[in-house]
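A.B. asks: Need a 3D model of the following:
(4 chains)
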2 protein chains.
Amino acid sequence: MSKAEVTRSDILRRGLELIYKQGYQSTSIDDILATTKVTKGAFYYHFRNKEEMGVALISEAMQDEIWPHIEKSLSAGSDFRDNIYEMINGLLFEHPFMTVEHGCPAVNLIQEMAPLSEAFRTALIKSLNKWKRAIEAEIIRGQQAGQLGMAHDAKQIALNVITLYHGVRNMGKLLGKTYYTSFLNEFRRYLDTLE
Amino acid sequence: MSKAEVTRSDILRRGLELIYKQGYQSTSIDDILATTKVTKGAFYYHFRNKEEMGVALISEAMQDEIWPHIEKSLSAGSDFRDNIYEMINGLLFEHPFMTVEHGCPAVNLIQEMAPLSEAFRTALIKSLNKWKRAIEAEIIRGQQAGQLGMAHDAKQIALNVITLYHGVRNMGKLLGKTYYTSFLNEFRRYLDTLE
DNA sequence: ACATAAACATACTGATTAGTATGTCGCAAA
DNA sequence: TTTGCGACATACTAATCAGTATGTTTATGT
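C.D. replies: Coordinates of the predicted model:
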């Protein structure tokens, strides 16, 4: 990794951290510069403007942060139900980056930026679809392994799971970690109703 | 309604509109003033600061906007399932204030401000609890009318419904109105699994 | 070792921000 | 009619913002 690449990724990582906690629009470039050794000249060498940095942050830093966990949990065991449950459980409770109070950076950015920027929307949809396809594939694997009837629509279930995740991340901001726990019980029940 | 009360409510209504579309932190007081006949002096006569206005906006303007619809739909028919379904359906499709791209102001504000302001959090929790209790009451009514087994936890179901609503409001920002429709199918199915 | 471009560094700009200071106007009670 | 206060109006400040202009350093191929 060259020195320039390190600088770039420093910007993205610190940017992700701050934007996760404060929101995109309320995080200034100066905020990022003040907490890194990066200067304004370096920033604008690597990115044309703030939006370009935001988009890069979604498709690079955010993906790097979350994706390994998703991939790992979705291929952990043989039961697709267990895998999907553990994926959500892990995201909620075990991920070192995310907290209950600040939720999930992807969910936050969709909320804040999807209506305001085409570029953000595109990057976020790409990210969402990647996740959706991964869940879908795991459900289909479950179907082929006889764990779930073929009549079920894998696409629809995948979207349900993601919708629930979005919901619980938002509710958690008001109700705290205890709600994560009771949600997970309900989520397990939901998975078990799929037969 | 006195002239002063009109001024105050003008600020709150216009504030809600702008904050709904741009977010709280990215909506400036000058934004509000520029699109009303209110001046800065009037603003700071009615509110100590921006945060106080934001909190008032949640417990007044936002409630006024959404609550009538909720109350109405929850007492529309005799089947609690139909009522809850219509509540969500109406919020998603029939509410004149809200759009798919901007979602729901309450959901948005929870996402943005719950982690950042105790005062916002308090106002939002109050608002959430009011809704939760209303749904809960409707479920219990359904139980007493024999539409649903007593074994079900009304509180839990109410929270599920709200969580799903939060989720679909967020997903809608990426997937558009068509997702609302397919979500509603799933939601109906969920309600019907409650026996 | 040297040329050249990549990778920064510094200082600035004009716009926008929340909030303040200080004034004014109209109406209600005395 | 005057006095006083509720309800504004105007002009300002200091801070912060994204972005730019113009430099300097550092690496790299030859």
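
A.B. asks: ok, and does the lengthiest helix in chain A reach over to chain B?
C.D. replies: Using DSSP state H, we find that the single longest helix of chain A is helix A:118-144. Yes: contact between helix A:118-144 and chain B, assessed by C-beta under 8 Å from any C-beta of the partner chain, occurs at A:121, A:124-125, A:128. All C-beta atoms are positioned from the backbone trio N, CA, C, and that covers glycine.

A.B. asks: do the same with stretch A:150-157
C.D. replies: Yes: using C-beta under 8 Å from any C-beta, stretch A:150-157 reaches chain B at A:Gln156.

A.B. asks: Tell me how many other residues crowd the closest residue to A:Gln111 other than its chain neighbours.
C.D. replies: Spatially, and ignoring its direct neighbours in sequence, A:Gln111 is nearest to B:Gln111 (4.5 Å; C-beta to C-beta, 6 or more residues apart in numbering or on different chains). Neighbour count of B:Gln111, defined by other C-beta atoms under 10 Å in any protein chain shown: 27.

A.B. asks: what sits against A:Ile29?
C.D. replies: A:Ile29 is in contact with A:40, A:43, A:50, A:53, counting by C-beta atoms under 8 Å, 6 or more residues apart in numbering or on different chains.

A.B. asks: got a list of what the first one touches?
C.D. replies: In this structure, A:Lys40 makes contact with A:29-30, A:33, judged by C-beta under 8 Å, 6+ apart.

A.B. asks: count of residues packed around the residue nearest to A:Lys126 when sequence neighbours are not counted?
C.D. replies: Nearest non-adjacent residue to A:Lys126, counting by C-beta to C-beta, 6+ apart: A:Ser59, 6.8 Å away. A:Ser59: 16 surrounding residues under other C-beta under 10 Å.

A.B. asks: quick one: pLDDT of A:Ser59?
C.D. replies: Per-residue pLDDT puts A:Ser59 at 96.

A.B. asks: Next, the contact list for it, please.
C.D. replies: A:123, A:126-127.

A.B. asks: Pick out the residue of chain A closest to DNA strand C.
C.D. replies: Closest approach between chain A and DNA strand C, counting by C-beta to the nearest atom of the strand: A:Gly41, at 1.6 Å.

A.B. asks: how about low-confidence regions in chain A?
C.D. replies: Judged against pLDDT under 70, chain A has no low-scoring part.

A.B. asks: For the spatially most central residue of it, list the residues it contacts.
C.D. replies: Nearest residue to the geometric centre of chain A (C-alpha atoms, centre = their mean): A:Ala106, 4.4 Å. Neighbouring residues of A:Ala106 by C-beta under 8 Å, 6+ apart: A:58, A:62, A:66, A:124, A:127-128.

A.B. asks: hmm, which two among these are most spread apart?
C.D. replies: Within the contacts of A:Ala106, two members stand farthest from each other by C-beta to C-beta: A:Ile66 and A:Leu124, at 12.7 Å.

A.B. asks: Could you tell me which residues of chain A lie near DNA strand C?
C.D. replies: Proximity of chain A to DNA strand C (C-beta under 7 Å from any atom of the strand) is limited to residues A:2-4, A:7-8, A:37-42, A:45-46.

A.B. asks: so which of the residues you listed comes closest to A:Pro115?
C.D. replies: Nearest to A:Pro115, judged by C-beta to C-beta, of the residues of chain A next to DNA strand C is A:His46 at 26.9 Å.

A.B. asks: separation between that closest one and A:Leu12?
C.D. replies: 9 Å (C-beta to C-beta, to the nearest Å).

A.B. asks: Comparing those two, which shows the higher neighbour count?
C.D. replies: A:Leu12 (23 against 19).

A.B. asks: from what I can see that one touches A:Val55, true?
C.D. replies: No: using C-beta atoms under 8 Å, A:Leu12 and A:Val55 do not qualify as a contacting pair, with a distance of 10.6 Å.

A.B. asks: Now the residue located most distally from the centre of chain A: which helix or strand?
C.D. replies: Most distant from the centre of chain A: A:Gly41, at 30.3 Å, with distances by C-alpha atoms, centre = their mean. Here A:Gly41, judged by DSSP states H and E, is contained in helix A:40-46.

A.B. asks: And the helix or strand just after that helix, what's buried?
C.D. replies: For helix A:40-46, the following helix or strand on the C-terminal side (DSSP H and E) is helix A:50-56. Buried residues in helix A:50-56, counted by 16 or more other C-beta atoms under 10 Å in any protein chain shown: A:50-51, A:53-56.

A.B. asks: For the very next helix or strand once past helix A:50-56, name the packing helices and strands.
C.D. replies: From helix A:50-56 onward toward the C-terminus, using DSSP H and E, the following helix or strand is helix A:63-74. For helix A:63-74, the elements it packs on are helix A:80-89, helix A:118-144, judged by 3 or more C-beta pairs under 8 Å, 6 or more residues apart in numbering or on different chains; DSSP states H and E.
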